[in-house]
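[1] pasting the sequence and the predicted coordinates here, then a few questions.
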Amino acid sequence: MNTNRVGRYKKILSGDFSYNAFVPNFLPPVPPIKIDDTMQMLLSNADRALGALNIVTELLPDSDYFIFSYLRKEAALSSQIEGTQATFVDVAKAQAGAVDNETPQDYPEIINYINAINYGLKRIREDDFPMTLRLLREIHERILKGVRGQYKTPGEFRKSQNWIGGASINTASYIPPTADDMIMGMKNLESFIHDKKPMPVLIKIGLIHSQFETVHPFLDGNGRVGRLLITLLLCHYGLLAKPALYLSEYFKAFRSEYYDKLHAVHERGDFEDWLKYFIEGIWLVAEEATSTAMKIKALKDRDILKLSSLSAQSSRNAIKLFENLFKSPVMTVSDVSKHTGLSYANANNLVKKLMDLQILELVVERERNRVFAYTEYINLFRNRESYKRQLN
C-alpha cells in the first residue's frame with residue numbers, strides 16, 4: 001500500500017469485506033515544505049496583494065456593504081460546488097422577501113452559509129474565542145440547519161466511516177480515516193493551528209485546508225466548512241483586516257485542478273504543488289477583490305452625482321435609499337418605504353425617479369410586489385469565467 005510523507009493506507013475489515021482508509025500523518029510535514037523560487041515568488045505576490053486589499057477595504061466608504069456582498073457571493077459559489085442551484089441574485093431576492101416560483105428552493109443553504117461565517121467571525125473577533133474544534137462544530141451545525149444534510153449529525157464529528165465518490169464504499173475514489181483515526185487527526189490539526197513554530201502563514205493555511213479535507217471529519221458539509229475555514233484563518237492570523245477574500249470562485253473556475261491537487265497530496269505526498277496552486281489563488285483573488293472594491297467606489301461616486309440632480313427633498317430620500325442598496329441591491333417598493341420612512345405612494349415615486357436615472361431596474365414584473373435591482377452593482381459580483389493564471 002502507498003505510504004508517503006502525508007500518510008498511509010490502513011486496511012479495515014468490515015464484515016465480509018475490507019477497504020483501505022487513508023490515515024494522514026500529523027502536521028507539520030516531515031521533511032518540511034520546500035520553498036523554491038516559484039513558491040517564494042507566489043508568497044511575495046500574495047502578501048503584496050493582501051496588503052493592497054487591506055488598504056482598500058480600510059479606505060473604502062461603507063466597506064461593510066462590500067464585504068457583505070462578497071460574502072453573499074462566496075456563500076452562493078461554495079454551495080454551488082456542492083450542487084446547490086441558487087445564485088447570488090436569488091439570495092439577494094430572498095433576503096428582500098421576493099421569493100417566487102422561479103427561485104430555486106435550495107437558497108436557504110446559501111443563507112445558512114452566510115450565517116455560519118458571520119457567526120465564526122464574530123466568535124474569533126468580538127468574543128475573542130480561539131480557533132478550536134468546538135468552533136468548527138458550531139459552524140458546521142449552522143451550515144446544515146434545516147437544509148439538505150440536516151439528518152447527518154450537524155455539529156458533530158462523524159462516528160462512522162464516510163467516503164468520497166462512488167455509489168458505495170467499494171467504488172469510492174477516496175476513503176478518509178476511520179472515526180477513531182479522524183479524531184486523532186483533528187486534535188493534531190487544532191494543535192497545529194496554534195503551533196508557534198515559524199512558518200509562512202499562507203503555507204500554514206494551505207496545509208490546514210488540505211489536511212481538513214483529507215481527514216473529512218463530518219458526514220456532510222466538509223467542503224463548505226473547509227472553504228469557510230480559509231477566510232476565518234486569514235482573519236485569525238491577521239493577514240486580513242476584514243473578511244474580504246474568499247477562494248470558492250477560484251476553486252470553482254479550476255475545479256478539476258483543485259481536486260487533482262488535493263488528491264496528489266495524499267497519493268504522492270505532493271504538498272508543494274498543492275500549495276503553489278493555493279497561494280496563487282490567494283494572490284489572484286486578492287487582486288480581483290481590490291479591483292472590484294475600486295469599481296464599487298467609482299460606481300457609487302457616479303450615481304451620487306446623478307442623485308444630486310433631484311430636488312433637495314427627493315435627493316435626501318434618494319441618498320437614504322441608495323445607501324441601503326449596497327447591502328440590499330434587490331428591493332420591492334415596500335422595502336423602499338421601510339428604509340426611507342416614506343408612504344407607499346411616495347416610495348413608488350422615488351423608485352420611478354431612480355429608474356429614470358438608470359440606477360434601479362425592474363427585474364420582476366407582477367401586479368403586486370414588483371422587484372427592482374441595482375443591476376450595475378450586482379454585475380460587479382457576477383462570477384468570473386476565468387482568471388489570468390501565472391503558473392499555467
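    That came through, no problem. Numbering: from 1, shown residues only.
[2] burial of the spatially closest residue to Tyr250 that is not a sequence neighbour, as a residue count?
    What sits nearest to Tyr250 in space, not counting adjacent residues and going by CB to CB, 6 or more residues apart in numbering, is Gly281, at 4.1 Å. In short, each C-beta sits where N, CA and C put it, glycine included. Other residues within reach of Gly281, judged by other CB atoms under 10 Å, total 24.
[3] repeat that for Tyr151.
    By other CB under 10 Å, neighbour count at Tyr151 equals 9.
[4] buried residues in stretch 269-289?
    Residues 269-272, 274-289 are the ones in stretch 269-289 that count as buried (16 or more other CB atoms under 10 Å).
[5] name the nearest residue to Pro24, ignoring sequence neighbours.
    Pro24 sits nearest to Gly7 (CB to CB, 6+ apart), 3.9 Å away.
[6] Gly51: which element?
    Using DSSP states H and E, Gly51 falls within helix 37-59.
[7] which is the succeeding secondary structure element to that helix?
    Using DSSP H and E, the helix or strand that follows helix 37-59 in sequence is helix 63-81.
[8] helix 63-81 and the helix or strand following that next one, what's the angle between them?
    The element immediately downstream of helix 63-81 (helix or strand, assigned by DSSP H and E) is helix 88-95. Angle of helix 88-95 versus helix 63-81, following axes from the mean of the first three to the mean of the last three CA atoms, to 10 degrees, is 110 degrees.
[9] what packs against helix 88-95?
    Applying 3 or more CB pairs under 8 Å, 6 or more residues apart in numbering; DSSP states H and E, one finds that helix 88-95 makes contact with helix 63-81, helix 107-125, strand 330-331, strand 371-373, helix 375-379.
[10] which helix of the protein spans the most residues?
    As assigned by DSSP state H, the longest helix anywhere in the chain is helix 271-307.
[11] dihedrals phi and psi, Leu13?
    Phi and psi for Leu13, reported as degrees, to the nearest 10, are phi -90, psi 130.
[12] can you pull the contacts of it?
    The contact partners of Leu13, by CB atoms under 8 Å, 6 or more residues apart in numbering, come to none.
[13] can you check Tyr65 too?
    Residues near Tyr65 by CB under 8 Å, 6+ apart: Phe326, Lys327.
[14] what is the least confident helix or strand in the chain?
    Within the chain, no helix or strand scores below helix 88-95, which has a mean of 76 by mean pLDDT, DSSP states H and E.
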